[in-house]
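> okay, structure incoming, though there's no sequence with it:
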């Protein structure tokens with residue numbers, strides 16, 4: 001198949017959807033498919049265009065058999081709502097020439113958010129007469145409204161309209177958790193249109209490694225420490241203040257260190273909070289390049305998943321499969337009824353009430369004093385990752401999804417004809 005992937009984020013961005021779409025594109029190439037990726041200039045999570053890409057309108061690259069076609073983005077390091085809107089609009093308009101500059105695809109896969117990508121993707125599906133597969137990583141605007149990111153009623157209404165458009169124009173929809181399926185069906189999406197394919201992990205790349213002589217621990221002077229690790233996005237949905245406050249409660253045990261790896265600007269804000277709380281057992285570190293990720297995860301004794309209590313129930317952090325595959329015990333400070341809590345419990349992890357530092361500290365202390373339990377949970381998590389989240393399974397499912405979408409009569413002409421009439 002000739003597959004066009006429309007993804008705002010892609011390699012070399014280290015976290016979020018970028019590593020997943022990179023692995024998917026390269027995995028499909030290894031199976032004999034041709035893949036083009038339409039993406040923006042790399043900028044995440046710093047919200048600054050990376051060196052080598054600044055001041056350019058278009059860049060076309062080839063890496064590991066994938067053709068990567070990048071386009072200009074209007075981006076601000078501290079965006080307000082208008083800046084976010086203009087960022088998405090800039091990608092919508094500048095990406096279309098790149099999408100038209102290449103071979104005709106058999107299928108288009110687009111990832112949302114951002115929702116506005118559904119506009120050029122639907123147009124491409126119409127022009128190329130090929131199916132559009134929508135990959136839903138988060139459900140907007142609900143998730144953004146829940147955490148207070150969007151409050152303007154007109155903006156919410158506009159995004160809800162755009163959300164309906166995305167679901168209507170997609171031939172198939174892949175979602176990453178069961179909670180997403182229920183949400184979409186309630187919004188009138190046909191169950192036959194939806195396929196649940198969880199985000200994956202390459203279990204051969206992310207795997208249990210020895211804690212002794214770990215290069216990541218050595219580089220960060222953590223050789224003799226019991227490491228509780230959080231790595232990834234630091235935003236409105238996480239509430240890393242809970243981790244800092246839990247660390248303060250365990251300061252009396254010098255061996256326990258909380259390591260938080262994230263984007264530099266977010267770490268600066270968190271550092272001030274650590275100083276205010278007196279959390280001298282918290283180490284703030286930069287994100288590791290993708291190739292160093294296995295060693296960082298192996299350097300931890302416990303991996304953390306953290307969410308605020310107001311996070312929408314179907315939110316599913318992509319770092320869960322990564323932590324499970326590393327063979328380390330997981331503690332989730334997440335809403336008890338949410339999708340993340342369900343996944344953590346099923347895999348043998350521990351779930352505590354979110355935004356409650358004492359509960360998180362108690363769970364850390366329990367695993368610190370019970371190495372046998374800690375090792376057992378790590379092994380169970382690794383087995384669960386192999387069984388449920390393996391990359392090869394995900395590739396099989398996406399190949400089948402694309403083949404099924406190509407075989408079905410397209411709905412796009414009916415949709416656009418309805419608009420025209």
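Looks like it came in fine. Remember, predicted model here, so these are calculated numbers, not experimental data. Numbers count the residues shown, from 1 in each chain.

> make sure residue 300 is indeed in a strand.
No - remark: residue 300 does not belong to a strand; assigned using DSSP: H, G, I helix; E, B strand; the rest coil, it is coil.

> not counting sequence-adjacent ones, nearest residue to it?
residue 229 (3.6 Å; Cβ to Cβ, 6 or more residues apart in numbering). Glycine gets a C-beta too; all of them are placed from N, C-alpha and C.

> helix/strand/coil for that neighbour?
From three-state DSSP, the assignment for residue 229 is strand.

> if I look at it, how far off is residue 207?
16 Å (Cβ to Cβ, to the nearest Å).

> contacting residues for residue 256?
225-226, 228, 247, 250, 281, 364, 368 (Cβ atoms under 8 Å, 6 or more residues apart in numbering).

> hmm, 7 Å instead?
Remark: with contacts taken as Cβ atoms under 7 Å, 6 or more residues apart in numbering, residue 256 is in contact with 226, 228, 250, 281, 364, 368.

> over to it: give its phi and psi.
phi -80, psi 130 (degrees, to the nearest 10).

> so it bridges to which residues?
Judged by DSSP bridges, the bridge partners of residue 256 are residue 226.

> okay, now the domains of the chain?
The chain breaks down into these domains under automatic domain parsing: 2-200+390-420, 215-388.

> pull up the distance across the shortest one, start to finish.
The separation between the terminal residues of domain 215-388, taken as Cα to Cα, to the nearest Å, is 29 Å.

> check stretch 347-354 too.
Start-to-end, stretch 347-354 (Cα to Cα) is 19 Å.

> mean confidence score for it?
Mean pLDDT, stretch 347-354: 94.

> contacts for that stretch, please.
Outside stretch 347-354, the residues touching it (Cβ under 7 Å, 6+ apart) are 307-309, 324, 329-336, 341, 344-345, 359-360, 363, 377, 380-381, 384.

> same question for stretch 305-320.
Contacts of stretch 305-320 (Cβ under 7 Å, 6+ apart): 20, 138-139, 142-143, 146-147, 176-177, 179-180, 183, 199, 230, 232, 237-240, 242-243, 330, 332-335, 337-340, 343-344, 354-355.

> go on, stretch 217-224?
257, 259, 283, 285, 299.

> nearest to residue 93, of these?
Distance to residue 93 across these (Cβ to Cβ) is lowest for residue 285, with 37.5 Å.

> that closest one: neighbouring residues, count only.
Counted by other Cβ atoms under 10 Å, the residues lying close to residue 285 total 17.

> restricted to strands, list the contacts of stretch 305-320.
Judged by DSSP state E, the subset of these located in strands is 230, 330, 332-333.

> so for stretch 154-163, mean pLDDT?
pLDDT averaged over stretch 154-163 gives 86.

> any buried residues in that stretch, and which?
By neighbour count with 16 or more other Cβ atoms under 10 Å, stretch 154-163 contains the buried residues 156, 159-160, 162-163.

> flag every buried residue along stretch 205-225.
Result for stretch 205-225 [16+ other Cβ under 10 Å]: buried residues 206-209, 214, 216-217, 220, 222, 225.

> please read the previous query as pertaining to stretch 248-261.
In stretch 248-261, counting by 16+ other Cβ under 10 Å, buried: 248-250, 256-261.

> from those, which land in helices?
248-249 (DSSP state H).

> farthest pair in the buried residues of stretch 248-261?
Farthest pair in the buried residues of stretch 248-261, by Cβ to Cβ: 249 and 261, 21.3 Å.

> pick out the most distant pair among the contacts of residue 256.
Farthest pair in these, by Cβ to Cβ: 281 and 368, 12.7 Å.

> so between those two, which is more surrounded?
The neighbour comparison of residue 281 against residue 368 (other Cβ under 10 Å) goes to residue 281, with 21 against 17.

> rewinding a little: closest one of the buried residues of stretch 248-261 to residue 171?
So of the buried residues of stretch 248-261, ranked by how close each gets to residue 171 (Cβ to Cβ), first place is residue 261, at 38.7 Å.

> now that closest one: how far from residue 8?
Counting by Cβ to Cβ, the gap from residue 261 to residue 8 is 23 Å.

> any regions of the stretch 151-300 of the chain where pLDDT drops low?
For the stretch 151-300 of the chain, the stretches flagged by pLDDT under 70 are 236-237.

> cool, the stretch 301-421 of the chain as well?
Low-confidence segments of the stretch 301-421 of the chain (pLDDT under 70): 312-314, 409-421.

> in it, which spans are strands?
All strands of the stretch 301-421 of the chain, identified by DSSP state E, counting those that start in this stretch, fall at 302-306, 329-333, 350-352.
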